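Student: Based on what follows, work out the 3D shape:
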Amino acid sequence: MRLMKSIFSELEKPRADRPLGSGWLSGALSVLIGLLCVASVLVMRFPGTLSSPDLAELVGSVPIRSLVHAMLVLGYGLSFLSLLLSRRTTLAVTGFFLCVVAALLYGPPSGAAAGDAGIYFGLDFFVLKILTVGLLFLPLERMFPHRGEQTVLRQDWREDFFYFAVSSLMVQVLNYLTFAPTTAVNNTFDLSQIRHHIFDLPLVVQVVLIMMATDFIQYWVHYAFHKVPFLWRFHSIHHSVEHLDWIAGARMHFFEIAILRGLTALPMLTLGFSPTAVETYLVIVYFYSAFIHSNIGWRFGALERFFVTPRFHHWHHGSEREAIDINFASHFPIYDWLFGTYHMPDQRWPEAYGVAGEDMPKGYVKQFFHPFRPKRPKS
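Tutor: Numbers count the residues shown, from 1 in each chain. Below is the predicted model of the structure:
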């Protein structure tokens, strides 16, 4: 327990106490890469349990194994660099230890065969999202921050990282809940003619149509989660984040994820869009969701009228009066224009984030049960 506190204490050091060249960055990266290596090796050894079917064919392939090798070498190198630069060895030793554990576990896959039917956990999905989304936005937020005083490992990052992990590991359950409304619609209505025409459209047109259709549904579902008191109790968990960054969007109650995904996926999965168009849209969504929550202070000028940007969505999360119940769209602000909820003050960002007037609990378990308990005024 003391070791864990020491590691977290080092990771959460203020920016002023970890200048470039102090060994903190290389040490923190060695810990992150070490964790990813351990997770990757576990997936390779137990693919039937820890791998989602969509990615099962990649597990154990030459490119993936080569990537794990490269990650191990990089993790070792960064841990040694941190040892050379820093007097405090906690992060360097932890990163080195994790890489050693991964190397000892490394070997040919064992256990259930990849792709077996049954219960599985998306550990591979989690690793993939960290490697792509996380490693893209972490340096961008450091180089181009909206709030310069906000550190990459800001307050409550552990809480949101846990949400991020849960949504990845529970991918099988979430997929089942997502497809439930689609199955009901497909069994009730004959949409074969519409599907035929949509399937023949160019890929780019299909992707744009998916984005517009899902965003329209999402707008009204999102609106309902704000306006219906019972639903707001679940959605308030998402708004309890007081420091926005790329991982903040992961803080969502399991009930809300199921409802939101199930309903917004209806047009995408029932109207006959090609699998390639659906997969392209899903990749866009993973990056776009992280982008609009991120602590990136870029200015987009006229593009902000046509696409949701971090500043647009940050206003949705603002806690001041002018930020309440605005900017519900996730892709296109035109829906907020049409329905009277658009708000984008010139060059300004909200002053603060979070839920005003309500005392929100800390921790995943307490937040999970929060919607079912009596409302507590903010102390």
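Student: Pull the contacting residues for the residue positioned nearest the centre of the chain.
Tutor: By CA atoms, centre = their mean, the chain has its centre lying nearest to Ala250, at 4.6 Å. If a contact means CB atoms under 8 Å, 6 or more residues apart in numbering, then Ala250 has Asp160, Phe161, Tyr163, Phe164, Ser167 as its contacts. For every residue, glycine as well, the C-beta is placed using N, CA and C.
Student: Please identify which helix or strand holds the residue lying farthest from the centre of the chain.
Tutor: Note on the chain: the largest C-alpha distance from the chain mean falls to Gln193, namely 35.9 Å (CA atoms, centre = their mean). If you go by DSSP states H and E, Gln193 is part of helix 192-199.
Student: Run the chain-centre distance for that helix.
Tutor: Centroid displacement of helix 192-199 relative to its chain, using CA atoms, centre = their mean, to the nearest Å, is 32 Å.
Student: what's the distance between the residue farthest from the centre of the chain and Leu269?
Tutor: Separation of Gln193 from Leu269 (CB to CB, to the nearest Å): 17 Å.
Student: Extract the residue ranges of the stretch 101-250 of the chain that are flagged as low pLDDT.
Tutor: Within the stretch 101-250 of the chain, the segments meeting pLDDT under 70 span 107-121, 171-172.
Student: now the strands for it?
Tutor: Secondary structure of the stretch 101-250 of the chain by DSSP state E, counting those that start in this stretch: no strands are present.
Student: nearest residue to Ala265 other than its sequence neighbours?
Tutor: Thr178 (5.3 Å; CB to CB, 6 or more residues apart in numbering).
Student: Where do the domain boundaries of this protein fall?
Tutor: Domain assignment for the chain by automatic domain parsing gives 1-120, 172-372.
Student: Throw those into TSV and include distance to Pro139, thanks.
Tutor: Formatted as TSV, the domains of the chain follow (distance: least, CB to CB, whole Å):
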stretch	distance to Pro139
domain 1-120	10
domain 172-372	11
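Student: For Phe273, give me the backbone phi and psi.
Tutor: phi -70, psi 150 (degrees, to the nearest 10).
Student: ugh, typo on my part, it should be Glu358
Tutor: Dihedral angles (degrees, to the nearest 10) for Glu358: phi -140, psi 130.
Student: Kindly report the same for Leu11.
Tutor: phi -60, psi -30.
Student: still on that earlier bit, would you turn the contacts of Ala250 into JSON lines with neighbour count and distance to Arg18?
Tutor: Formatted as JSON lines, the contacts of Ala250 follow (neighbours: other CB atoms under 10 Å; distance: CB to CB, whole Å):
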{"residue": "Asp160", "neighbour count": "21", "distance to Arg18": "21"}
{"residue": "Phe161", "neighbour count": "16", "distance to Arg18": "19"}
{"residue": "Tyr163", "neighbour count": "23", "distance to Arg18": "25"}
{"residue": "Phe164", "neighbour count": "23", "distance to Arg18": "23"}
{"residue": "Ser167", "neighbour count": "20", "distance to Arg18": "29"}
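Student: And the residues you listed, which is closest to His235?
Tutor: Minimum distance to His235 across those is 14.0 Å, recorded for Tyr163 (CB to CB).
Student: I'd like the distance between the closest one and Phe287.
Tutor: Taken as CB to CB, the span from Tyr163 to Phe287 is 18 Å.
Student: ditto for Glu304
Tutor: 18 Å.
Student: Also Pro267?
Tutor: Pro267 is 21 Å from Phe287, by CB to CB.
Student: Which one of those two is surrounded by more residues?
Tutor: Shown here are Pro267 and Phe287; by other CB atoms under 10 Å, Pro267 has more neighbours (20 against 15).
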